[in-house]
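K.L.:
Mind folding the following:
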Amino acid sequence: MRVLVGEDDVLLRAGIVRLLAEAGFEVVAQAGDAEDFLRKAFVYQPDVAVVDIQMPPGHGDDGLRAALEVRMHRPETGVLVLSQYYEDQYAVDLIGESAEGVGYLLKERVGDVEAFTDAVARVAAGGSALDPEVVGRMLGRRRRGGPLDSLSLRERDVLAQLAEGKSNQGIAEALLVTTAAIEKHVTNIFSKLGLETSPTGHRRVLAALAYLRESRR
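P.N.:
Okay, here's the model as predicted:
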């Protein structure tokens, strides 16, 4: 998989590049500011772009805005953004109407090499990857009286794992239950949230989006 890395911290960028190369990714380009990142995203057309939300020249949300630009004009390129601090608005802005090929992780997650590289691969393949701390905080702020109230506590646990972008097997391993049990919970979640059967399997994405939007109100 071809990767573009956008990070203004030279040492961190070098570390990310090394981790990705050792995991078998091909890093086709690197960028130290948002403008260069955006230019190289269109020139090199990577499978996935990993970018810091805060980038020069403005050192605000320049990296995020560049990522949104890539998603708008090259939806086939997955985008995984890294943030120093938790901000659920960043995640919601990035996801928009579709969680396919998008990820949002706290920078500290880069240190968990397996989780980080797995997130990069998932986003490159058109899946999603949301930081578990971000998901957990959103769950804690979920408002009362919404459609998610119909879910049981275990179903909410499963939905939180779905929002992180995990597969049924991954959820089963995290919750220490069987894959068959997870499949049953996922089916119940789809039914209770009114998500119809889809041949493309995008109901997982729709469920994650329902979870995120409801939990931040």
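K.L.:
next one: the helix or strand encompassing L159 to chain centre, how far?
P.N.:
Taking DSSP states H and E as the definition, L159 sits inside helix 153-164. How far helix 153-164 lies from its chain's middle: 15 Å, per CA atoms, centre = their mean, to the nearest Å.
K.L.:
tell me which strands and helices it is in contact with?
P.N.:
strand 128-130, helix 132-140, helix 168-175, helix 179-192, helix 203-215 (3 or more CB pairs under 8 Å, 6 or more residues apart in numbering; DSSP states H and E). Glycine gets a C-beta too; all of them are placed from N, C-alpha and C.
K.L.:
Low-confidence stretches in this structure?
P.N.:
Along the chain, the parts satisfying pLDDT under 70 run over 88, 96-99, 135-147, 195-217.
K.L.:
what separates the residue most central in space within it from L19, distance-wise?
P.N.:
Centroid-nearest residue in the chain: G103, 2.0 Å away (criterion: CA atoms, centre = their mean). According to CB to CB, to the nearest Å, G103 and L19 sit 15 Å apart.
K.L.:
again, but for G60
P.N.:
In terms of CB to CB, G60 sits 27 Å off from L19.
K.L.:
Among these two, which residue is more densely surrounded?
P.N.:
Between G60 and L19, counting by other CB atoms under 10 Å, L19 is the more crowded of the two (17 against 13).
K.L.:
Give me the buried positions along the helix or strand where the more buried one lies.
P.N.:
If you go by DSSP H and E, L19 is part of helix 10-22. Within helix 10-22, the residues that count as buried by 16 or more other CB atoms under 10 Å are 13, 16-17, 19-20.
K.L.:
quick one: contacts for H73?
P.N.:
Contacts of H73 were listed using CB atoms under 8 Å, 6 or more residues apart in numbering, and they are F42.
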